[in-house]
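>>> here is a sequence with its predicted model. Questions after.
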Amino acid sequence: MLLLVGRELPPGVQVADISLGHLTAADAKARLTDYAQQLAEQKVELHAADAVVQTTVGKLGIALDVEQTMAALPNSEWSPINLLIDLVQGRRIEPRLRVDARLAESLAALADNIDAPA
């Protein structure tokens, strides 16, 4: 259950570099969904010995789990002290990620390219 101050998340709530303070739960979810898409399209390079594989975070099977991240947002354990702390220093929530078998497959393929006998 999310903590909403009025109808909004407390000020200072942040996931990665995404500010969610003062947003409704629906707006926060929409912002995280947009971020999940951007993350999936993020280009990465894997380097091992002389081998380089260019791919995206999504193709590696790594994704932001929007539902689990939403569940990690401030919950109903509200207190005036927690609200004051949120106002003064904010609350940084670690994004929740899902990793599927594609990451292991990509790393195995990269390892196969460099594990040739000398």
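Structure received. Given the structure is predicted, the values throughout are model-derived calculations rather than measurements.

>>> helices of the protein, start to end?
For the chain, applying DSSP state H gives helices covering 25-41, 66-71, 80-89, 101-114.

>>> pull the helix or strand with minimum mean pLDDT from the protein.
helix 80-89 (a mean of 65; mean pLDDT, DSSP states H and E).

>>> give the rounded mean pLDDT of stretch 47-57.
Across stretch 47-57, pLDDT averages out at 84.

>>> hmm, who's touching that stretch?
With C-beta atoms under 8 Å, 6 or more residues apart in numbering as the test, stretch 47-57 has contacts from 39-46, 63, 106, 109-111, 113-114. In this view, the C-beta of every residue, glycine as well, is placed from N, C-alpha and C.

>>> filter the residues you listed down to the buried ones, PyMOL style.
Selection of buried members from these for PyMOL, criterion 16 or more other C-beta atoms under 10 Å:
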select buried, resi 39+63+106+110
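
>>> so how far is residue 26 from residue 104?
Distance of residue 104 to residue 26, given as C-beta to C-beta, to the nearest Å: 35 Å.

>>> ok, residue 110 next?
In this view, residue 110 and residue 26 are 40 Å apart by C-beta to C-beta.

>>> thinking residue 10 is in contact with residue 28, fair?
No - contact criterion C-beta atoms under 8 Å: residue 10 and residue 28 do not qualify, at 11.2 Å.
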